[in-house]
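Asker: A structural model of the following input is requested.
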Amino acid sequence: MRGSIAVVGLAVLGLVAPLTVAPALGQQLPEELKTTPGQSGAKDAPRSPEQAAEPRSPGSISGTITAPTGAVLIGARVVLSRDDQPSGQETLSGEDGQFSFANVAPGPFQLTIAAQGFATQTISGILHPGEACLVSPVTLAIASGITEVSVVVPRVEVAEEEIRAEEKQRVLGIIPNFYVSYLPNAAPLTPKQKFELAWKSEIDPITIATVGFFAGVEQAQNHFSGYGQGGQGYGKRFGAGLADSTTSIFLGGAVFPSMFKQDPRYFYKGTGSVRTRILYALAMAVICKSDKGRWQVNYSSVLGDLASGGISNLYYPSTDRGAELVFENTALGIGASMITNLFQEFVVRKFTPHLPLRDTGKH
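Answerer: Next comes the predicted model:
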């Protein structure tokens with residue numbers, strides 16, 4: 001378990017990350033579906049007595065809708081109609097541009113696809129019993145007379161761009177400041193992005209150098225005396241510090257945030273009275289944004305500190321182990337987060353170049 005001086009020191013310097021802690025493709029498109037928009041597919045061939053006896057089990061129809069630029073179209077209206085049904089089924093394309101219809105009776109069908117600013121397109125085909133029909137990607141042409149079309153970029157791509165900007169945030173151009181968002185409505189991170197951010201934070205040379213510095217301080221003060229002195233003692237302290245940093249960053253910044261769907265970043269406020277900003281910074285040590293943008297208890301940070309402290313009992317000297325130190329470390333972690341947040345809110349931004357422009361719009 002780390003001493004209080006190391007934990008608070010790390011927080012004040014801001015040298016480490018916060019302690020917060022296509023559907024299956026199915027079978028290939030049948031030849032009769034390979035038609036140009038607006039044309040009917042081939043007719044059913046005469047069925048043999050054996051084929052007529054086969055059960056006509058329902059199938060499914062799915063596909064993807066894109067714009068001429070290649071970007072997916074979200075919210076396109078897709079209508080499935082059949083000759084034997086007076087009214088068709090409808091659905092909207094999702095965030096990945098995909099649509100699907102389940103439990104569709106076999107036989108001839110027609111898809112009518114429409115989206116604002118684009119020309120309506122019709123596709124015909126035949127669905128065979130039990131078939132999972134994957135329609136070739138449908139690219140809607142821009143409607144006549146339309147010179148400007150707004151295409152929605154998937155939020156995962158928006159988040160990726162924002163992460164790249166955050167990775168350029170370094171205090172004084174040196175110290176990593178990756179876990180702070182200066183965009184109040186930043187796109188939520190996917191689990192993969194949370195792990196990538198944790199990994200880049202952990203392997204940053206400044207993070208490793210910080211661990212080495214505090215290992216030297218502990219050796220000079222003979223903290224964790226069970227490790228001894230000399231090169232061997234320093235190596236043990238450095239290894240323990242690196243293990244603490246790794247478990248804290250990954251558990252509090254990736255594993256638990258992915259499990260609880262929480263955002264591990266600090267969202268800079270920057271507006272309001274000084275008192276309001278102080279209370280906000282302090283509260284952010286125990287609350288956080290969910291991936292849906294709602295404020296909630298920061299389970300990820302608390303459990304991350306507890307789990308990291310529990311794991312440290314495996315490698316710290318026996319005289320420094322125990323449940324009491326685990327809970328003490330958790331309390332210190334929350335306190336260090338409060339101090340870090342206050343620095344983030346009032347100091348760090350002034351010394352951090354390459355900041356993105358603040359945007360109050362929602363993605």
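Asker: going forward, measure contacts and count neighbours with C-alpha atoms only.
Answerer: OK.
Asker: Surely residue 191 and residue 250 touch.
Answerer: No - applying C-alpha atoms under 8 Å, one finds residue 191 not in contact with residue 250, separated by 11.6 Å.
Asker: what's the nearest residue to the residue most central in space within the chain if we skip its chain neighbours?
Answerer: Central residue of the chain (C-alpha atoms, centre = their mean): residue 190, 1.6 Å from the mean position. Closest residue in space to residue 190, ignoring its immediate chain neighbours: residue 156 at 7.1 Å, by C-alpha to C-alpha, 6 or more residues apart in numbering.
Asker: now for the top helix by length along the chain, which elements pack on it?
Answerer: Counting by DSSP state H, the longest helix found in the chain is helix 323-346. In terms of contacts (3 or more C-alpha pairs under 8 Å, 6 or more residues apart in numbering; DSSP states H and E), helix 323-346 is packed against helix 4-13, helix 274-283, helix 299-312.
Asker: Let's have the ones you listed in a markdown table, adding distance to residue 242.
Answerer: What follows is the helices and strands packed on helix 323-346, written out as a markdown table (distance: least, C-alpha to C-alpha, whole Å):
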| stretch | distance to residue 242 |
| --- | --- |
| helix 4-13 | 12 |
| helix 274-283 | 27 |
| helix 299-312 | 11 |
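Asker: Go through the ones you listed and pick out the most buried.
Answerer: Of all the helices and strands packed on helix 323-346, helix 299-312 has the most neighbours on average by mean count of other C-alpha atoms under 10 Å, namely a mean of 23.
Asker: what about the helix or strand hosting residue 162, distance to the chain center?
Answerer: Here residue 162 sits within helix 155-166, counting by DSSP states H and E. Distance of helix 155-166 from the chain centroid (C-alpha atoms, centre = their mean, to the nearest Å) equals 9 Å.
Asker: for stretch 179-197, same thing?
Answerer: Worked out by C-alpha atoms, centre = their mean, stretch 179-197 lies 6 Å from the chain centre.
Asker: Would you mark the buried spots in that stretch?
Answerer: 179-184, 186-191, 193-195, 197 (16 or more other C-alpha atoms under 10 Å).
Asker: Take those and keep only those in strands.
Answerer: 180-181 (DSSP state E).
Asker: Of all pairs in the buried residues of stretch 179-197, which one is the farthest apart?
Answerer: For these, the maximum inter-member distance is 21.6 Å, found between 184 and 195 (C-alpha to C-alpha).
Asker: quick revisit: and the longest helix of the chain with helix 299-312, angle?
Answerer: Using axes from the mean of the first three to the mean of the last three C-alpha atoms, to 10 degrees, the direction of helix 323-346 lies 140 degrees away from that of helix 299-312.
Asker: can you pull the buried residues of helix 323-346?
Answerer: Within helix 323-346, judged by 16+ other C-alpha under 10 Å, the buried ones are 325-326, 329-330, 332-346.
Asker: Dump it to PDB, keeping only the CA atoms.
Answerer: The C-alpha trace of helix 323-346 is given here as PDB (Å, rounded to 0.1, in the frame of the first residue of the first chain):
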ATOM      1  CA  ALA A 323      -7.800  -4.500   5.300                       C
ATOM      2  CA  GLU A 324      -7.300  -1.300   7.300                       C
ATOM      3  CA  LEU A 325      -4.700   0.000   4.900                       C
ATOM      4  CA  VAL A 326      -6.900  -1.000   1.900                       C
ATOM      5  CA  PHE A 327      -9.700   1.200   3.200                       C
ATOM      6  CA  GLU A 328      -7.200   3.900   4.200                       C
ATOM      7  CA  ASN A 329      -5.900   3.900   0.700                       C
ATOM      8  CA  THR A 330      -9.400   4.200  -0.700                       C
ATOM      9  CA  ALA A 331     -10.000   7.300   1.400                       C
ATOM     10  CA  LEU A 332      -6.700   8.700   0.400                       C
ATOM     11  CA  GLY A 333      -7.600   8.000  -3.300                       C
ATOM     12  CA  ILE A 334     -10.800  10.000  -3.000                       C
ATOM     13  CA  GLY A 335      -9.000  12.800  -1.300                       C
ATOM     14  CA  ALA A 336      -6.300  12.800  -3.900                       C
ATOM     15  CA  SER A 337      -9.000  12.900  -6.600                       C
ATOM     16  CA  MET A 338     -10.500  16.000  -5.000                       C
ATOM     17  CA  ILE A 339      -7.200  17.800  -4.900                       C
ATOM     18  CA  THR A 340      -6.500  16.800  -8.500                       C
ATOM     19  CA  ASN A 341      -9.900  18.000  -9.700                       C
ATOM     20  CA  LEU A 342      -9.400  21.400  -8.000                       C
ATOM     21  CA  PHE A 343      -6.100  21.800  -9.800                       C
ATOM     22  CA  GLN A 344      -7.800  20.700 -13.100                       C
ATOM     23  CA  GLU A 345     -10.600  23.300 -12.600                       C
ATOM     24  CA  PHE A 346      -8.500  26.300 -11.600                       C
END
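Asker: what's the distance between that helix and the middle of its chain?
Answerer: 25 Å.
Asker: End to end on stretch 92-100, go ahead and measure it.
Answerer: Across stretch 92-100, the terminal residues are separated by 9 Å (C-alpha to C-alpha, to the nearest Å).
Asker: list the helices and strands whatever helix or strand residue 62 lives in packs on?
Answerer: Remark: residue 62 resides in strand 59-66, with elements defined by DSSP H and E. Applying 3+ C-alpha pairs under 8 Å, 6+ apart, we find strand 59-66 packed against strand 98-104, strand 132-134, strand 138-139.
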